[in-house]
Every structure is written in C-alpha cells, then in structure tokens.
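Student: Next comes the sequence, and after it the predicted model I'd like to discuss.
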Amino acid sequence: MLHLPFNDLPPIAAPTLEYALLAPLFIVAGGAVLGVVTEAVVPRAQRFTVQIVLAVVTVVAALADTVWVYRDLNVVDSDRLARGQVGGEGALTIDGPGVFTWGMLLVFALMCVLLFAERQLDGGLSSFTGRAADAPGSASEAEAVKARLEHSEVFPLAMFALVGMMLFATSNDLLTMFVALEVLSLPLYLMCGIARRRRLLSQEAALKYFLLGAFSSVFFLYGVALAYGYAGSFRLSDIAAAVGSRTGSENLLLASIALLAVGLLFKIGAVPFHTWTPDVYQGAPTPVSAFMAAGTKAAAFIALVRVFFVAFGGSSWDWRPIFWIVAVVTMFLGSIVAVSQTDAKRMLAYSSIAHAGFILVGFVGVYEGPAGSDHITSISSILIYLTIYGVSSIGAFAVVMLVRDGSGEATHLAKWAGLGRTSPWLAGTFALFMLSFAGIPLTAGFVGKWAVFSAAWAGGFWPLVVIGVLMSAIAAYFYIRVIVLMFFTDPVDENGPSVVVSGRLTTVVIAVAAIATVALGIVPGPLIDLAQHAGALVR
Amino acid sequence: MILTLLAAIPLVGAVVVAVLGRFRSDHPAEGARGAIVAVGFSLIALAVALVALSRYDIEAGGYQLTSEHRWIEAFGAHYAVGVNGIGITMVLLTTILTPLVLVAASGDRLAQPERMPTYLALILSIEGLAIAAFSSTDVFLFYVLFEATLIPLYFLIGSFGGPNRSYAAVKFLIYNLVGGLLMLAAIVGLYAVSAKAGDPSYLLTDLQNLDIGTNTERLLFCGFMAAFAIKAPLWPFHTWLPDAAAQSTPSTSVMMVSILDKLGTFGMLVWCLGIFPEAADWAAPVIIVLAVISIIYGALAAIGQDDIRRLVAFTSVSHFGFIIMGIFAFTTTAMSGATLYMFNHGLSTAALFLVTGMMIARRGSAGIGDFGGVQKIAPIMSGFLLVAGLSSLSLPGLAPFISEFMVLAGTYTRSIPIAVIATLGIVLAALYILIMYQRTMTGPLSDDARGVTDLVSHEKVALAPMVVLIVGLGFFPQPLLNVINPAIDTVASHVGVGDPEPRTPTQIQVPAAEEGGH
C-alpha cells in the first residue's frame, strides 16, 4: 500500500493578504471578470452600454479606493520619506510611488475608456471593428456593420491590461513582474488588431507588437533566471542584498542587468528597442494608441525604476553609463526622426520615444536627496513627468480621432493644413499639447522637463542636462512644424480636413486634458507636492 | 500690487479684444471698435504706469513696489515683483510704446481684415508679458515670462507677416528656444546649487548671496548669457532678426526689437551681473569684442541692404552692440548710458520701423531702389523719416546721442582701442541712414513711387509723441538718468570692478562707484 507522507509535510498556511491595501487591484480585476460575464449574459442590444458603465464604475471605484489607500500608507522610513509596506506575501510593494502610479494609471484608464466608448464619430460605430474575424471590405463585414455588431470585449480587455499595469508598477519580485508584464501585454496585442478602419495596418501592428513583445518578454525572463542564479531569490530586496555583498559571479549579475534592461526598455520604447512603437501606434485604433502611450509607458517606467533603484541600486555605477547613452540616443533619434514624419500618429509615436529619453535623463540622475529634505528626487520627477506626459498625450490622440475625412481619421499631416482656420478651437488645443510636449513655460510640459532635469543635475549629471535641453530644441522644431502647418499653411484642397466636433465623450476628454495641461503649467504645486509626498521606494 | 495690476491690464485687454472680435467679426466697423478698445486698455496701462512712477521713490533707489508670494514651493519659485531704476525705465518704455504701436497697427492692411482683433490682442498680450518680465525679481518667474513672450510673437510673425513669414517665424522661434533652453539648463543648475546650500530659492536677493563655485558660476553664466545674447541680438547670434523683421508687420517689429529684445540686455544687466558678478568679469573681454564686432558688422551690413526693413534690423544689431558694450564696460557712466540707450533705442527704432512701414505699405515694396523723390509728394512722411533716421544715427540734440556718448565715454576709461573702434560705428551710422534717406526721399520723383500719399491722421498720432520724446530727451535726459543712476550704482558695486581712475585731469566729474567688496 502506498504510504503518503502527509504527516511529514509542513503545514500549509493560508497566505495572508492585506485586502484593504490591495483592494484597488481586486476591484479592477473583479470589474474585468464581471465584464467577461456580461459578454455572456447581457443581450447584445444593451451589451455595449452595460460594458461602458461597468468599466467606468470599476475605474472610478478603484480610483476612490486608491486615494484612500494612499492616505493611509504607513511611514516606514522618516528620513527618506518612504511610506508603505511589502505585501501579498512579499510579491508586491504597496508604497508611495506605486500607489501614486495606480492613481495615475486609473485616471489615464478613465479617459481612455471614454475614448473607447465614443460612437458619435463614425456614424454610430466605435473605433473597433464589429467582427474582427471578417476580412476587411468583405460581404460578411458589411453584414456585421448592418447588424451593428460590436466588440464590446475591449472593455474587459482594457481592464485586464489595466490590472496588469498596476501589478507591474508594484511588483516586489521579478516573477510577479513577469506575470504582470504578460497580463498587461496580451490584451493590448489583441486590442491593437481590431481597428474598424485600415484593418490590415491594424492587424500588421498587432502581429508586430506580439512578435516583438514576446521576443522582449523572453529577454526579460532570461534576465530573471540569471538574476535568480546570481542572488538565489526573485525578491528585489534579496537581490539588492546580494549585490551589496557582491557574493555571486559578477558576469551573471551584469548579464542579468543587461537582459532585464532590454525587456523593460522595450516596453518603454527607448532606442534601440523602439522600432515597434511607430508601427503599432499608427496601426492600432487611436484610443488604444493613447492607452498604450500613457499607461504602458508609465507602468513600465515605474517597474524599471523599481528593478534598477531597488534590486540593482548597489551597482548603479555599472548601469548608469549605459542608461546615459540610451537616454541621449533616445532623445536624439526620437526627435530627429519625428521631423520627417508625415503621419500624425507616427509623429506622436516618435514624440513618445523622445519623451522616454527625457524621462531617462531624470532616471539616470538616481537622486534621492539628502535625508529629511524635500528636494525633487528622481522618483518624484519621473512621476510628475509621466502624469503630465500621459494626460497631454491622451488629449493629443483624442484630437487625432476628431480630424476625419471620408475614409476615417485623416492622419496624414498634409490634411491638417489650414486646420487653424476652419476649426480654431480644436487646432488651438492641439497646438497647446504640442507646446506642452515641447516644454514651453506656462504649460505642464515645462514643469515636467524642469523636474527631470533638476533630478539629473542634482545627481551630478549636468552634461546630460545640457544635451537634454539641446535635444528639446530639436524636438520643439517638429512640434512647431505641426503648428505652422495648422495655422500658417493654406489648406491643400477644397475638401481638406472634415472635423467632426460632435463627439461628446472625446470632446470631454480633450477638454479635461487641455485644462489639466494649462492648470499644471501655471499651478503645478499640488501635483509636485503629491509626487514628493509619495516619497521613496519601499525595499 | 500695482505692478501686478499693470501687467494684468493689457492681458485682460487682450482677452476682451479677442472675444469681442470673435462674436462680430463680420461687422465692418468692428475692426475700428476693436482698435479703440485695445488702445483704451493700453492707455489705462500707461496711466497706471505713471501712477507707479509717482509712487516710486527716485532718491531711495533699490527695488520698490515689491510684492512676494510663494508660487511653486518645491522649486523655490516665487511670484515676486518689484522694480529698480532699470526695471521701471523699461516698464515705462513698454507702456509708452504700446498705445502708439496699437494706433499704427489699427491701420495695417492685413491679408484677412477680419483677423484684426486677434492681431491687436496678440500685441496687447506681449505688452502684459513684457511688463511682468521687466518687473519680476524671481529668476524662475522671469524665465517663464521670457519664454512665454515667444508664443504671441511667433503667432504675430507667422500669421500676419510677409510671404516668407512661416520660415521667419520658425527661425525666430528656434533660435530663441535654443537660447532659452540653455538658460533653462542654467536655471536648473541654480536650483541644484541653491538646494545644496539649504532651502532652494530663486529670489534675486537670495541668489545674490549664494556662494557658487567658480567653475559652476561660469557655466551657469554661459547658460544665461546664451539666451540673452541670442535675444539681444549679439553677433554672431543675430541672424534671426533681419529675417524676422523683414517678414513682420512694422508693429510686430516694434514689439520685437524695441521691447522684447530689451529683455536680453535687461537680463544681462540685472541677472547676469546680479547673480554671477565674477563670471561676468571673467567673460567681459570676449563679450566686449563680440559687441564691437556687432557694432561694426551691423553698420556695414545695414549699408549693404536694399530692403528697408532689413536695414533697420541691422541698425539695431549695431545699436545693441553699443548697449552690450556699455553694460560690460563696468563703468557707471557706460552702464547708465547703456540703460538710457535701451530706452532711447526703443523710441528711435520704433519711429523708424513705423515710418518705414508706412512708406512700404504705400509703395507696395520694401526696396530702397523702388523709391525716389518721395519727399516732394509726401513731405510730412519724409520729415518723420528724417527725424527718426537722424535719431538713429545719434545726431546731437536727439535722445540716442546722449546715451551713445555716455557709453563711449564710459568705455574709453576702460579701454581706449575698443572705444575708438566703436566710434567708427557712429560714422557708419551716418552712412546707412543718410544714403537710405537720400535714395528714397530726395532727387527726382521716380515714376513708380508716384502713387505714394502722405501720412493720414492716425499715423501722425502714432509718430508724433515718439518724435516729441526723442527731441525732449535729447535736450533734457537728466530726469531719466536720475531714475537709472542709483540702480546702476548698485549693480556696479555688486560687480565690484569699479570705475578706473581718470588718466588725465578732467573737468567732467564721473560719479565714482565705491571700490570693491563683493
């Protein structure tokens, strides 16, 4: 008879979870699951509306809870102003920067959900195809349009991506981080491929994103494995301890740093791992491009900060020179190549690459400030920049949604010529976002630039700041080129851009983004205080 | 408080004019009404500026009419305003010129007449931002306003200029942005230095007492100087100006050259010398050489121009050379002269830009060769051109002469060769102005210029006060110098170079600044 050694096993303790702290994650995950159930039970006629309501309620509830969690974080290190704790059996770190990122991501998600829900721009249809399986232009597609079929699954998909992003930003071990990376990526791969217009481009974008994303995930996973080999643990703090005592093999450490950097820089869209960005941003449905530009970048940056500041903080002299170079090359290439773009979405994609470079400038500073001071640290500057960039970026993509002609969005910039004459408000708002991206004072972008540059300077990298400002000048050139096109150039033909101004939800999103861009430019104090209040990372 | 009000009035006016124009732009009389509202706001600003001047204690000197509020605490930035003698002089210049510019601008024939309200609103917004910039005592606030002025000016050049306006606007913006961004790097650096020393602060008073290492100070000085040298503009960073001036309307050129470019020289005088005195002393030889090159090169280039607007732009390059040379000569005479020159150059260049603009609008061409003998059919216009031109070449009895003389005299005590070379600029100035006058106004009336008419009333209204001031200050500059001198004494003693001893016994008593101690 087989003897099972039940009695020899150690007792299995149920994991203790800090449900109150982790509630925002549960709310979003729950909303996503409910969304899937909704697909199954709610009749087709009401499904789209129910999904919108469910998604908005989920995000708003999670946002409210995030605020509550943020206010209640414990102070663990009063010198470095670190607040929060390690939770989820060591898998997660619920700390100031992490919860701040949750809030940021939820605000982005709320704006993007409104863009997903927009159905007034294209004759009562959303930006997503009715039945992705149909060949573009086929009879069955026309049938799907006629039957008003909708892929209302985008809402639960977006919620799953959102929970992945939130998890990514607060992972405390590399394995959780990898799982989060996949949870956030898989829904996005799918969402990229279901644009209603220009479907082949959209499907190409999805395939490209999937293949390259999978490739980079494998780099990340290899890096995780090597890091485990070096430190004997996935936990970021254990790796930090191993790095601090320099116990393992130096080569193993450097290889794992390099591989993890590849995986994370891919998600950030930094050169030389940026090549997917323009194709994917151009092909994906515009609301999804906005979601990726704002959300993925924010989550990935915080993950990057966490891995490199916490786990590899002890060997920062090994990796800072590389990131220094990556930052310069990213700013340079993003700005230079953007100059020659003729498509609005590709231009915004290169702009997002250039911005990744600017944020990396603050990252390279690795400045934590003297104990007890309230100086702008690298982490708070990155949080400030990500918030400002994300909001302006969603606004800019929302404007792209409104500039349309007979075949959908008129993304070719030549069709934007003279937009300032025909629709001064819309063009003026887009010009505002461009000026903010260029970092002109009295717009939010200036505050962000100032913050990352000051963190870099305080960290002892003033040459990088000088390079950074010169790159900003190049970047400014292509933003201004768009303004010239809209305001100083005559429309190319009679039936130039036809602007649909009746998109109510899109207009709301653009207005919110524009107001935030101006308000944060003039009175940035509250945002800066909030970001500084987030404090340091909890290790 | 009064300075905040002063800056707010034109900005509010800009919004009002733009909004009024938005509602009834199809109405034929609307352009005129918009102009009346705009001029009204600028006149209120002038009245408030005069009230501010009456409250300013000229004897006491120093920064007055101050107010200070925390703005962005984490950055150490304050909303802090206040003026010393230099600041209030520039505020006065701005508030005097803007109403006159608006009167002239209301007569401009725009390609799209319905956009007149926008045009006037942009000019008003430049006035407001410039006043705020001239009166800020926090370097962060100054920087923000310094950069913010680029946007309305960019739209003025790009929307209302000549056929090549788009190129000129982008060139203008990129040049100024590069300078501005280098200054941003220096501003960020100042924060790092200031934060290391304790609580970060951008207030001028705090920064003056900040202990900055020699190399850092030089580095930061270069960042500030890059922005101001491009703005001013100093050779070889001047190339944006002739293009911008040639493509702008005359009113835009006045706002750009007479007012906003002064932010460059103002910045050198107040911020560069105020925060980085040692570095300024270190860099002075190079800057003075560049300034002298500006003087000579600007004058020679002006002689070579056929486009009248480019000619005026190059005369300004030459004049800015005098101003910058005066600032970095570090003698009280030269620095006072430079400040006075900032005011006088504003007046004389404004008159020159406006009257040549009126000529060009009538002839439909900016080429000097396209005119000839115009004096016979437009005597009043020709008279205004002559006065404005003579003031530009510093004829004794007109305002710029005094300031140019002071700059040269002050520089002479510092370096004789430099002063001698710079004096050549005056000779060349006579050439470029008189040749231009001769070829456009005198001689037989050319057939093509036969259609030119004389000035109409609103144009005379715009020009006459400038001429009155130019002549008045030419004979009686002392009141303005009384305002300027105490501030210059403070700056000179802060730099700590001091006036050199006169080499030969002289009748003229140069007011000596106290030697030394910074």
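Tutor: The structure has been received and is ready for your questions.

Student: List the residues that contact residue A:228.
Tutor: A:174, A:234 (C-beta atoms under 8 Å, 6 or more residues apart in numbering or on different chains). Every C-beta, even on glycine, is put in place using the N, C-alpha and C of the backbone.

Student: quick check, it in a strand?
Tutor: No: if the criterion is DSSP: H, G, I helix; E, B strand; the rest coil, then residue A:228 is helix and not within a strand.

Student: mind checking how far it is from residue B:319?
Tutor: Spatial separation of residue A:228 from residue B:319 under the definition C-beta to C-beta, to the nearest Å is 71 Å.

Student: same deal with residue B:284?
Tutor: Between residue B:284 and residue B:319 the distance is 20 Å, computed by C-beta to C-beta.

Student: low-confidence ranges in the stretch 401-539 of chain A?
Tutor: Across the stretch 401-539 of chain A, the stretches falling below the confidence threshold (pLDDT under 70) are A:492-502.

Student: interface residues of it facing chain B?
Tutor: Proximity of the stretch 401-539 of chain A to chain B (C-beta under 8 Å from any C-beta of the partner chain) is limited to residues A:435, A:438-442, A:446-447, A:449-450, A:453-454, A:457-458, A:462, A:465-466, A:468-470, A:472-473, A:476-477, A:480-481, A:484, A:487-489, A:524-525, A:528-529, A:532.

Student: Parallel or antiparallel, list what pairs with the longest strand belonging to chain A.
Tutor: Ordering each strand of chain A by length in residues (DSSP state E) puts strand A:82-87 first. Taking DSSP bridges as the criterion, strand A:82-87 pairs within the sheet with strand A:75-77 (antiparallel), strand A:92-95 (antiparallel).

Student: quick revisit: please identify which of residue B:284 and residue B:319 sits among more neighbours.
Tutor: More neighbours sit around residue B:319 than around the other of residue B:284 and residue B:319, counting by other C-beta atoms under 10 Å in any protein chain shown; the figures are 28 against 20.

Student: could you dump the helix or strand harbouring the more buried one to PDB, C-alpha only?
Tutor: Secondary structure here is read from DSSP states H and E; on that basis residue B:319 sits in helix B:308-328. Extracted in PDB, the C-alpha atoms of helix B:308-328 (Å, rounded to 0.1, in the frame of the first residue of the first chain):
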ATOM      1  CA  ILE B 308      14.500  98.900 -45.800                       C
ATOM      2  CA  ARG B 309      13.200  96.600 -43.100                       C
ATOM      3  CA  ARG B 310      16.400  94.500 -43.100                       C
ATOM      4  CA  LEU B 311      18.400  97.800 -43.000                       C
ATOM      5  CA  VAL B 312      16.500  98.900 -39.800                       C
ATOM      6  CA  ALA B 313      17.100  95.400 -38.300                       C
ATOM      7  CA  PHE B 314      20.800  95.700 -38.900                       C
ATOM      8  CA  THR B 315      21.000  99.200 -37.500                       C
ATOM      9  CA  SER B 316      19.500  97.600 -34.300                       C
ATOM     10  CA  VAL B 317      22.200  94.900 -34.300                       C
ATOM     11  CA  SER B 318      24.700  97.800 -34.300                       C
ATOM     12  CA  HIS B 319      22.900  99.700 -31.600                       C
ATOM     13  CA  PHE B 320      22.600  96.600 -29.400                       C
ATOM     14  CA  GLY B 321      26.300  96.200 -29.800                       C
ATOM     15  CA  PHE B 322      26.700  99.700 -28.100                       C
ATOM     16  CA  ILE B 323      24.300  98.700 -25.300                       C
ATOM     17  CA  ILE B 324      26.100  95.400 -24.600                       C
ATOM     18  CA  MET B 325      29.500  97.100 -24.800                       C
ATOM     19  CA  GLY B 326      28.300  99.700 -22.300                       C
ATOM     20  CA  ILE B 327      27.000  97.000 -19.900                       C
ATOM     21  CA  PHE B 328      30.200  95.000 -19.900                       C
END
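
Student: Give me the mean pLDDT for it.
Tutor: Helix B:308-328 comes out with an average pLDDT of 93.

Student: do stretch B:160-171 as well
Tutor: Averaged over stretch B:160-171, pLDDT sits at 87.

Student: Please list all residues in contact with the nearest residue to residue B:270 once chain neighbours are set aside.
Tutor: Counting by C-beta to C-beta, 6 or more residues apart in numbering or on different chains, residue B:86 is the residue found nearest to residue B:270 once chain neighbours are left out, at 6.3 Å. By C-beta under 8 Å, 6+ apart, residue B:86 lies in contact with B:266, B:269, B:270, B:339, B:484, B:487, B:488, B:491.

Student: Could you report the separation of residue B:86 from chain A?
Tutor: Residue B:86 sits at a distance of 23 Å from chain A (criterion: C-beta to the nearest C-beta, to the nearest Å).

Student: isn't residue B:74 right up against residue A:377?
Tutor: No: under the criterion of C-beta atoms under 8 Å, residue B:74 lies out of contact with residue A:377, with a separation of 10.6 Å.

Student: Between these two, tell me which one has more neighbours.
Tutor: For residue B:74 and residue A:377, the more surrounded residue by other C-beta under 10 Å is residue A:377, and the numbers stand at 29 against 22.

Student: May I have the residues that are in contact with the more buried one?
Tutor: Applying C-beta under 8 Å, 6+ apart, we find residue A:377 in contact with A:367, A:368, A:369, A:455, A:532, A:536.

Student: Give the other helices and strands that the helix holding residue B:319 contacts.
Tutor: The elements that helix B:308-328 packs onto, with contact taken as 3 or more C-beta pairs under 8 Å, 6 or more residues apart in numbering or on different chains; DSSP states H and E, are helix B:240-247, helix B:250-253, helix B:262-267, helix B:277-304, helix B:332-363, helix B:399-414, helix B:416-441.

Student: Could you point out which of these sits nearest residue B:19?
Tutor: helix B:250-253 (21.0 Å; C-beta to C-beta).

Student: The closest one - what's its average pLDDT?
Tutor: What helix B:250-253 shows for mean pLDDT is 92.

Student: Dump the C-alpha coordinates for that helix into PDB.
Tutor: Coordinates of the C-alpha atoms in helix B:250-253 are reproduced here as PDB (Å, rounded to 0.1, in the frame of the first residue of the first chain):
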ATOM      1  CA  PRO B 250       6.000  97.200 -38.700                       C
ATOM      2  CA  SER B 251       4.100  97.000 -35.500                       C
ATOM      3  CA  THR B 252       5.300  93.400 -34.800                       C
ATOM      4  CA  SER B 253       8.900  94.600 -35.500                       C
END
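
Student: closest point of the stretch 51-200 of chain A to chain B, which residue?
Tutor: residue A:81 (12.9 Å; C-beta to the nearest C-beta).

Student: Would you check how far apart that residue and residue A:377 are?
Tutor: If you measure residue A:81 against residue A:377 using C-beta to C-beta, the figure is 9 Å.

Student: got it, and residue B:148?
Tutor: 28 Å.

Student: cool, residue A:294 as well?
Tutor: Counting by C-beta to C-beta, the gap from residue A:294 to residue A:377 is 22 Å.

Student: what do you get for residue A:519?
Tutor: 24 Å.

Student: where does the stretch 251-400 of chain A have low pLDDT?
Tutor: A:371-372.

Student: Show me which residues of it sit near chain B.
Tutor: Taking C-beta under 8 Å from any C-beta as the criterion, the stretch 251-400 of chain A approaches chain B at residues A:373, A:374, A:375, A:376.

Student: Who are the contact partners of the third one?
Tutor: Residue A:375 makes contact with A:367, A:369, A:458, B:195, B:200, according to C-beta under 8 Å, 6+ apart.
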